[in-house]
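A.B. asks: next one to model:
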Amino acid sequence: MKKKGGEFQFDYWAKLAVSDPDGFEDARRQMIESLIDSAPEHHRPRLRGLQWQVDRTRERSSSALGSCARISNLMWDKLLGDGGLVQQIERLTHDRESPSRRVRQATVLPFPTRN
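C.D. replies: Here you go, the predicted structure:
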């Protein structure tokens with residue numbers, strides 16, 4: 001399924017998809033499950049949730065191209081949408097700014113002059 005060095009073996013998968021679509025789906029599911037299982041345990045529930053979304057998107061699509069477009073939109077939303085990766089990185093970056101770089105606001109109190 002993969003060449004030495006972990007490279008994706010496109011020709012194998014393309015031939016399998018044409019010659020044995022059910023075998024391709026079984027192998028695809030096994031490969032995805034193996035990849036999720038190889039992730040740190042605390043990431044696995046999120047990865048399974050994302051894969052569930054991808055699988056449901058594929059099921060609802062009437063064509064492979066439509067499925068691809070919807071999954072692409074899902075990925076872009078996870079990257080750029082509300083609460084997406086970009087916002088989370090910006091939040092983390094902002095939280096880690098040094099105190100001297102943060103904009104501070106204060107009320108300036110007038111003090112009477114002493115004679």
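A.B. asks: where does the chain dip in pLDDT?
C.D. replies: Applying pLDDT under 70 to the chain flags the ranges 1-5, 95-102.
A.B. asks: which stretches in it count as helices?
C.D. replies: Per DSSP state H, the chain carries helices over the ranges 10-19, 21-38, 44-60, 64-80, 85-95.
A.B. asks: how about the fourth one: buried residues?
C.D. replies: In terms of neighbour count (16 or more other Cβ atoms under 10 Å), helix 64-80 has its buried residues at 67, 71. The way it works is simple: take the backbone N, C-alpha and C, and place the C-beta from them, glycine included.
A.B. asks: and for the longest one?
C.D. replies: Buried residues in helix 21-38, counted by 16+ other Cβ under 10 Å: 24, 27, 36.
A.B. asks: could you list the alpha-carbon positions for that helix in PDB?
C.D. replies: The C-alpha coordinates for helix 21-38 follow below in PDB (Å, rounded to 0.1, in the frame of the first residue of the first chain):
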ATOM      1  CA  PRO A  21     -14.000  -1.000  -5.600                       C
ATOM      2  CA  ASP A  22     -15.200  -2.800  -2.500                       C
ATOM      3  CA  GLY A  23     -11.600  -3.900  -1.700                       C
ATOM      4  CA  PHE A  24     -10.500  -0.300  -2.300                       C
ATOM      5  CA  GLU A  25     -13.000   0.900   0.300                       C
ATOM      6  CA  ASP A  26     -12.000  -1.700   2.800                       C
ATOM      7  CA  ALA A  27      -8.300  -0.900   2.300                       C
ATOM      8  CA  ARG A  28      -9.000   2.800   2.500                       C
ATOM      9  CA  ARG A  29     -10.900   2.400   5.800                       C
ATOM     10  CA  GLN A  30      -8.100   0.200   7.200                       C
ATOM     11  CA  MET A  31      -5.500   2.800   6.200                       C
ATOM     12  CA  ILE A  32      -7.400   5.600   7.800                       C
ATOM     13  CA  GLU A  33      -8.000   3.600  11.000                       C
ATOM     14  CA  SER A  34      -4.300   2.700  11.200                       C
ATOM     15  CA  LEU A  35      -3.300   6.400  10.700                       C
ATOM     16  CA  ILE A  36      -5.700   7.500  13.500                       C
ATOM     17  CA  ASP A  37      -4.500   4.700  15.800                       C
ATOM     18  CA  SER A  38      -0.900   5.900  15.200                       C
END
